[in-house]
Every structure is written in structure tokens, then in C-alpha cells.
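K.L.:
Quick one, structure for this:
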Amino acid sequence: MTDSTNAQKDDWIRIISRDGFSFIVKRNVVMRSGTLRNMLDEHHSFTEAVQKVCPVDERRVLAAVTEKFVEYLSYKTTYENVPTNEDIPDFSERIVPEIALEL
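P.N.:
So this is what the prediction gives:
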């Protein structure tokens, strides 16, 4: 990897929920989401890529749902390369019923 690629991997991205809460997340975690990856693609010159800020303006997506989404991206990053013979905790146990339909 080049120095610029390493620096970009260690970048932090701000994800902002509709109700204004901010979540600071490492770029390599955020890139697990196809939508956020496209928003941050520097070849497209989107504002999100330049400012390193991704607003989540979908209808009714509030901080609790955005937080769980960020938690899932972190979970996915952590366990994506775990050998199949190792136990991986079930993420669905972390989802409270009140936000299950929103996710």
C-alpha cells in the first residue's frame, strides 16, 4: 500500500443522523457499506468525499438506528476474516425490538 492509501485507510468519517447526532467512524469500517462507499468515492467528487461527512437523511432514520448501523459495520469488519470453525456472536441479539423494523 502507498502512504496515501494507508493514510486514507486511517481516516475518520463523520456519519450524521437525521436528528443531528454524529458518529465518528474509521474509514475502513464505513467502507463496508456500499452506499457510503459510493458517497466517499473520490472519483465521483461528491461533497461527502471531500468533507468526509456522510449525512443519513433517510426518512425516520434517527440516532438509535444510525448507531446500530454503525455498530453492525464495526461487527462486520471485526468478524469478516474469522475462520469458519470459530464461533461468531449473533448480531441479531444486539437489536432491540423497538428499532428492528427500522433497520
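K.L.:
With residue 101 as the reference, measure out to the spatially most central residue of the chain.
P.N.:
Compute the mean C-alpha point of the chain, and by Cα atoms, centre = their mean the closest residue is residue 30, 3.5 Å away. Note on residue 30: its distance to residue 101, by Cβ to Cβ, to the nearest Å, is 24 Å. Yep, even glycine has a C-beta here, placed from its N, CA and C like the rest.
K.L.:
Also residue 75?
P.N.:
Per Cβ to Cβ, residue 75 is found 20 Å from residue 101.
K.L.:
Okay, buried residues for stretch 34-53 please.
P.N.:
For stretch 34-53, a neighbour-count test (16 or more other Cβ atoms under 10 Å) marks 36, 39-40, 48-49 as buried.
K.L.:
if we can go back for a sec, residue 75 and residue 101: which is more packed in?
P.N.:
Of the pair residue 75 and residue 101, residue 75 is the one with more neighbours under other Cβ atoms under 10 Å, namely 16 against 7.
K.L.:
Tell me the confidence at the residue nearest to the more buried one when sequence neighbours are not counted?
P.N.:
If the residues on either side of it in the chain are set aside, residue 75 comes closest to residue 91, at 5.3 Å by Cβ to Cβ, 6 or more residues apart in numbering. We have a pLDDT of 91 for residue 91.
K.L.:
Was I right to think residue 91 contacts residue 73?
P.N.:
No. With contact defined as Cβ atoms under 8 Å, residue 91 and residue 73 do not form a contacting pair (10.8 Å).
K.L.:
helices and strands of this structure: which one has the lowest mean pLDDT?
P.N.:
Between all helices and strands in the chain, the lowest mean by mean pLDDT, DSSP states H and E belongs to helix 3-9, at a mean of 56.
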